[in-house]
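# mind looking at a prediction? Sequence and model below.
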Amino acid sequence: MGVVMGSRSDWETMRHAVEILEQLGVPHEVRVVSAHRTPDLLFEYASSAEPRGLRVIIAGAGGAAHLPGMLSSKTHVPVLGVPVQSKTLSGMDSLLSIVQMPAGIPVGTLAIGKAGATNAGLFAAQMLAAEHRPIREAVLRFRAKQTEDVLAKPDPREE
Ligand code: RP5
């Protein structure tokens, strides 16, 4: 699994994807790859993704967020895009940049910010679950605990 982001400033958001992957035991690497500042690295990362064994790429970016779409254009490894919440436009710019891919080059787009990063990690794990039993079991445990946590505290006024 590859987790990439356009800037170190995206880490505060993207760490939530990485935390989920760690929790579920999904092997992964983490890199800053900027579509604008390091375009040659972006091409190299995408074109080497499959031979290096990456099965899914999670890509987070903010503002004019070209990273997920450009990665997807250079590899058939599935790309999940996380719109980072920008300061000026609250991530609407990031969301629209990532989600509005023209037909032919897909990016699976998640929600803006922490929820999107968290769900990208979960989604990526679920994509691997059919062929990796330990990941499947970790996903099922995650879901069961989430349900138990809600049922254990039905009254929101109580701690
Ligand atoms: C994008 O520009 C990055 O993904 C980041 O969200 C945004 C701002 O980057 P910095 O100026 O904080 O490095 O490429």
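That came through fine. Given the structure is predicted, the values throughout are model-derived calculations rather than measurements.
# report the separation between Gly91 and the ligand.
9 Å (Cβ to the nearest ligand atom, to the nearest Å). No exception for glycine: its C-beta is placed from N, CA and C like everyone else's.
# wait, what's in contact with that residue?
The neighbours of Gly91, taking Cβ atoms under 8 Å, 6 or more residues apart in numbering as the test, are Gly62, Pro83, Val84, Gln85, Ile112, Gly113.
# restrict the residues you listed to those near the ligand?
Subset of the contacts of Gly91 in contact with the ligand: Gly62, Val84, counting by Cβ under 6 Å from any ligand atom.
# how about the residues of the chain by the ligand?
Gly6, Ser7, Ser9, Asp10, Ser34, His36, Ala61, Gly62, Gly63, Val84.
# could you export those as CSV, including neighbour count and pLDDT?
CSV is the format used below for those (neighbours: other Cβ atoms under 10 Å; pLDDT from 0 to 100):
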residue, neighbour count, pLDDT
Gly6, 27, 98
Ser7, 18, 98
Ser9, 12, 98
Asp10, 24, 98
Ser34, 18, 98
His36, 14, 96
Ala61, 31, 98
Gly62, 28, 98
Gly63, 18, 97
Val84, 29, 98
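# can I get those residues in a markdown table with distance to Glu50 and secondary structure?
Listed next are the residues of the chain next to the ligand as a markdown table, based on distance: Cβ to Cβ, whole Å; DSSP: H, G, I helix; E, B strand; the rest coil:
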| residue | distance to Glu50 | secondary structure |
| --- | --- | --- |
| Gly6 | 22 | coil |
| Ser7 | 25 | coil |
| Ser9 | 29 | helix |
| Asp10 | 24 | helix |
| Ser34 | 21 | coil |
| His36 | 24 | coil |
| Ala61 | 21 | strand |
| Gly62 | 27 | coil |
| Gly63 | 28 | coil |
| Val84 | 25 | coil |
